[in-house]
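In: predicted coordinates and the sequence they were generated for:
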Amino acid sequence: MNDAPHSHNPTQSPLPLLFPELPEAIPLAPVRMVNEVVYCPRLAYLEWVQGEFADNADVIEGRQVHRRVDQGKPLPRDGEDEEERIHARSVWLGSRRLGITGKLDLVEGEGQRVTPVDYKRGKRPHVERGAYDPERVQVCAQGLLLREHGYLCDEGILYFAGSKERVRVLFDDELVAQTKMAISELRGIALGSLTPPPLEDSPKCPRCSLVGICLPDEVGYLKGGHIAPRPLYVQQETAVPLYVQDGGAYLRKSGEQIIIEIEKEKVAQARLPEVSQIAIFGRARLSTPLLTECMQRGIAVTYLSQGGWFLGHTVGIGHNNIDTRIHQFKAAADERICLRLAKTLVAAKIANCRTLIRRNWSGSDAELDPLLLQLDVDRRKADNAIAQENLLGIEGNAALKYFRAFTGMLRVGEEAMGAFDFQDRNRRPPKDPLNALLSLTYAMLTREWTVALSAVGLDPMLGFYHKPRFGRPALALDLMEPFRPLIADSVVITVINNGEIKPSDFIQGRGSCALKPGGRKAVIAAFERRMGHEITHPVFGYRIGYRRLLVVQARLLARFLAGEIPDFPQILTR
Ligand code: SF4
């Protein structure tokens with residue numbers, strides 16, 4: 001098949017295409033995309049134009065089926081003499097005229113007459129035409145590629161691995177026209193700048209591998225739709241971070257496992273698919289094969305100082321979706337957009353601080369009521385700020401009131417209260433136990449946001465409110481503002497009030513204060529509990545854990561910056 005002639009067969013007329021030959025600079029689209037554009041134009045756009053990719057069970061199973069074909073594992077036979085037939089596997093073909101390319105699973109035939117065989121996972125569907133349109137169109141596109149390379153090709157075969165059945169697909173005029181339309185639409189999507197809208201309340205979305213990236217119901221709802229979003233993405237399983245606190249730990253890869261050793265003795269292990277990120281405190285080390293595997297799987301490895309200060313992270317080659325960063329950079333250069341985002345973030349933070357105080361206040365109503373009133377005034381001022389400089393002042397004033405009242409949320413004995421007393425934030429290094437706890441939980445939240453923003457293709461270093469500064473993930477700091485009270489401060493209050501952290505868990509000396517390893521472990525455990533805690537989404541109404549919520553927020557920010565949704569919604573708890 002590699003010797004396939006490149007001249008057109010005189011018995012076949014050139015394809016009456018709706019488009020001219022694709023310029024050299026524009027890459028050919030994979031033939032798989034023709035299937036996807038028929039399934040959902042937005043899916044093709046997200047995968048082909050934006051370079052998004054996500055595994056789900058269907059994708060993984062499909063890949064395994066194709067791998068079996070590549071390796072020449074059991075093939076369908078139709079009783080004909082194999083020797084006299086072309087029987088080529090994994091045939092790469094491309095056509096600039098069609099604008100598509102693809103690896104054909106199998107091509108069978110004799111002489112110039114050939115039949116592409118496309119392998120599908122699952123069982124043959126019992127539908128009128130033997131298969132769904134996306135699959136029929138995909139195998140027809142393969143047929144058109146073969147015709148472009150001079151072969152006679154009038155039909156294709158869909159082989160369903162689940163039921164071991166072959167379905168014949170005749171390339172009649174109707175299917176060929178439908179396929180050309182799909183190719184034309186795909187080219188339009190690739191060349192144009194418009195993002196196809198999500199499908200509305202579609203049964204296709206729950207099975208779509210990109211549902212968590214597309215957020216079809218959420219985007220539709222924020223664009224003014226009236227159907228409440230289904231919790232499609234939030235129901236999917238979430239991997240969790242692996243924390244390594246022991247400076248003597250060594251992590252290596254063994255198959256699907258991460259093995260953790262101390263002094264060459266295995267002390268723990270974790271399955272790679274169940275790990276969302278690896279957080280390394282201090283001097284713990286990991287092997288190059290493990291680091292490479294993490295980069296390939298999109299598992300961020302984050303590095304923190306022994307005291308918990310977030311130092312940086314290792315990720316793979318980076319997100320394919322350069323458009324997202326272009327939108328971000330454009331928006332960051334626009335003062336109006338910066339102010340608009342900054343106002344909503346600061347106002348949401350003040351509102352959530354106010355809610356935390358209202359819920360946890362242990363003092364009298366006489367003290368509480370004026371404080372809530374003042375914070376409400378600050379929130380409204382933030383909403384109406386006319387410049388970033390004003391906003392900084394408003395935020396600073398609100399923070400002063402909030403932190404002065406912070407100990408009013410603690411329910412501990414007099415002695416412990418003395419140890420946890422504080423008046424205001426201090427950092428680098430924190431000077432008292434409460435500041436040490438806040439610094440650690442804020443660093444952990446910064447790390448979570450940095451990883452979430454990188455994962456969706458945003459640059460965590462370029463913010464809209466916090467200005468870029470060396471080593472400062474400004475966008476992560478922006479986005480975490482409303483979540484400081486919801487996650488970090490809430491963890492601090494919980495560990496103190498539950499007695500999980502006591503004054504004896506700190507070491508103090510030379511103007512600084514730090515947690516001992518046991519205390520840090522308790523804070524990490526409480527932080528992870530909080531990240532897994534579910535709330536009712538204030539905009540979408542479904543239940544969602546904080547860990548997932550951060551990713552959804554990051555994706556919605558990307559959608560807002562791309563102009564797909566009119567506003568970036570904030571998370572305000574009641
Ligand atoms: S989730 Fe639905 S709308 Fe979004 S790409 Fe998938 S099928 Fe299309």
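Out: Right, received. Where do you want to start?
In: what's the pLDDT at the residue in the stretch 251-400 of the chain that the ligand sits nearest to?
Out: Residue nearest to the ligand within the stretch 251-400 of the chain (Cβ to the nearest ligand atom): Asn321, separated by 14.2 Å. For the C-beta atoms, the positions are set from N, CA and C on the backbone; glycine is no exception. Note on Asn321: pLDDT of 70.
In: repeat for Arg548
Out: Arg548 is assigned 89 on the pLDDT scale.
In: that one and Tyr542, how far apart?
Out: In this view, Arg548 and Tyr542 are 10 Å apart by Cβ to Cβ, to the nearest Å.
In: ok, Gly532 next?
Out: Distance, Gly532 to Tyr542, by Cβ to Cβ: 16 Å.
In: higher neighbour count, the two?
Out: Tyr542 (18 against 13; other Cβ atoms under 10 Å).
In: after the worst-scoring helix or strand of the chain on mean pLDDT comes which helix or strand?
Out: Within the chain, no helix or strand scores below helix 57-70, which has a mean of 52 by mean pLDDT, DSSP states H and E. On the C-terminal side of helix 57-70, the closest following helix or strand by DSSP states H and E is strand 86-95.
In: which strands and helices sit next to that following strand?
Out: Packing contacts for strand 86-95, counted by 3 or more Cβ pairs under 8 Å, 6 or more residues apart in numbering; DSSP states H and E, involve helix 57-70, strand 100-110, helix 133-148.
In: picking that back up, burial count for the residue of the stretch 251-400 of the chain closest to the ligand?
Out: 21.
In: for the residue lying closest to it once chain neighbours are set aside, give me phi and psi.
Out: Sequence neighbours aside, Gly457 is the residue nearest to Asn321 in space, at 4.0 Å (criterion: Cβ to Cβ, 6 or more residues apart in numbering). Comment: the main-chain dihedrals of Gly457 come out as phi 100, psi 10, following degrees, to the nearest 10.
In: check contacts around Glu293.
Out: Going by Cβ atoms under 8 Å, 6 or more residues apart in numbering, Glu293 touches Lys253, Leu272, Ile299.
In: export those as CSV, with columns for pLDDT and neighbour count.
Out: Output for the contacts of Glu293, formatted as CSV (pLDDT from 0 to 100; neighbours: other Cβ atoms under 10 Å):
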residue, pLDDT, neighbour count
Lys253, 94, 18
Leu272, 90, 18
Ile299, 87, 24
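In: secondary structure added to these, as JSON lines?
Out: Supplementary listing: the contacts of Glu293 in JSON lines, determined by DSSP: H, G, I helix; E, B strand; the rest coil:
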{"residue": "Lys253", "secondary structure": "strand"}
{"residue": "Leu272", "secondary structure": "helix"}
{"residue": "Ile299", "secondary structure": "coil"}
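In: shouldn't Val114 be within a helix?
Out: No. Checked against three-state DSSP, Val114 lies outside a helix; its state is strand.
In: just give the number of residues close to it.
Out: The tally of other residues near Val114 (other Cβ under 10 Å) stands at 28.
In: wait, it sits on Leu152?
Out: Yes. Counting by Cβ atoms under 8 Å, Val114 does reach Leu152; the two are 7.2 Å apart.
In: hey, where'd the helices end up in the stretch 401-550 of the chain?
Out: For the stretch 401-550 of the chain, applying DSSP state H, counting those that start in this stretch gives helices covering 414-420, 433-455, 474-480, 483, 490-497, 517-532, 546-561.
In: out of the ones you listed, nearest to the ligand?
Out: Closest among these, once you apply Cβ to the nearest ligand atom, is helix 546-561, at 11.8 Å.
In: test my guess that the residue nearest to Asn321 contacts Arg325.
Out: Yes. Using Cβ under 8 Å, Gly457 makes contact with Arg325 at a distance of 6.5 Å.
In: quick one, which of these two is more surrounded?
Out: The residue with more neighbours, out of Gly457 and Arg325, is Gly457; 23 against 17, by other Cβ under 10 Å.
In: quick one: stretch 337-350 to chain centroid distance?
Out: 23 Å (Cα atoms, centre = their mean, to the nearest Å).
In: pLDDT of that stretch, averaged?
Out: Mean predicted confidence for stretch 337-350 is 96.
In: could you do stretch 384-401 as well?
Out: For stretch 384-401, the mean pLDDT works out to 93.
In: how far is it from where the chain is centred?
Out: Centroid separation for stretch 384-401 versus its chain: 32 Å, with Cα atoms, centre = their mean.
In: what comes into contact with it?
Out: Here stretch 384-401 makes contact (Cβ under 8 Å, 6+ apart) with 335, 338-339, 342-343, 346, 349-350, 353, 371, 374-375, 378-379, 381-382, 424-425, 465.
In: which among those count as buried?
Out: 338-339, 342-343, 346, 349-350, 353, 371, 374-375, 378-379, 381-382, 425, 465 (16 or more other Cβ atoms under 10 Å).
In: the residues you listed in helices, which ones?
Out: Judged by DSSP state H, helices contain the following of those: 338-339, 342-343, 346, 349-350, 353, 371, 374-375, 378-379, 381-382.
In: which pair in those spans the largest distance?
Out: Cys338 and Leu371 (30.0 Å; Cβ to Cβ).
In: tell me the phi and psi of Leu170?
Out: phi -80, psi 130.
In: who does it form a beta bridge with?
Out: Taking DSSP bridges, one obtains Glu155 as the residues bridged to Leu170.
In: same deal with His313?
Out: As for beta bridges, His313 partners with Thr302 under DSSP bridges.
In: isn't it up against Val451?
Out: Yes. Counting by Cβ under 8 Å, His313 touches Val451, with 6.5 Å between them.
In: what do the two both touch?
Out: Counting by Cβ under 8 Å, 6+ apart, the contacts common to His313 and Val451 are Gln277, Ala300, Thr302.
In: what is the nearest of the residues you listed to Pro231?
Out: When the shared contacts of His313 and Val451 are ranked by distance to Pro231 (Cβ to Cβ), Gln277 comes first, at 23.5 Å.
In: from Gly312, how far out is the closest one?
Out: Between Gln277 and Gly312 the computed distance is 13 Å (Cβ to Cβ).
In: ChimeraX command for the buried members of the shared contacts of His313 and Val451?
Out: The ChimeraX selection below is limited to those of those classed as buried (16+ other Cβ under 10 Å):
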select :277,300,302
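In: quick revisit: more neighbours: His313 and Val451, which one.
Out: Between His313 and Val451, counting by other Cβ under 10 Å, Val451 is the more crowded of the two (26 against 20).
In: skipping its backbone neighbours, what lies nearest that one in space?
Out: Ala300 (4.5 Å).
In: list the contacts of the nearest residue to Leu186 once chain neighbours are set aside.
Out: Of all residues not flanking Leu186 in the chain, Val37 sits nearest, at 4.6 Å (Cβ to Cβ, 6+ apart). Listed by Cβ under 8 Å, 6+ apart, the contact set of Val37 reads Leu43, Ala44, Ala182, Glu185, Leu186, Ile189.
In: for Pro538, grab the count of nearby residues.
Out: Pro538: 12 neighbours (other Cβ under 10 Å).
In: for the stretch 101-250 of the chain, just list every one of the helices.
Out: Remark: helices assigned in the stretch 101-250 of the chain by DSSP H, counting those that start in this stretch are 133-148, 173-191, 211-214, 216-222.
In: and the second one, how far out from the chain middle?
Out: What it means is helix 173-191. Mean-position distance between helix 173-191 and its chain equals 30 Å (Cα atoms, centre = their mean).
In: and it, what does it pack against?
Out: strand 29-30, helix 32-39, helix 41-44, helix 133-148.
In: the ligand is nearest to which of these?
Out: Across the helices and strands packed on helix 173-191, closest to the ligand is helix 41-44 (Cβ to the nearest ligand atom), at 3.7 Å.
In: what packs against the closest one?
Out: Other helices and strands packing on helix 41-44, by 3+ Cβ pairs under 8 Å, 6+ apart, are helix 32-39, helix 173-191.
In: and these, which one is worst for confidence?
Out: Looking at those, the bottom one is helix 173-191 with a mean of 89.
In: thanks a lot, see you next time.
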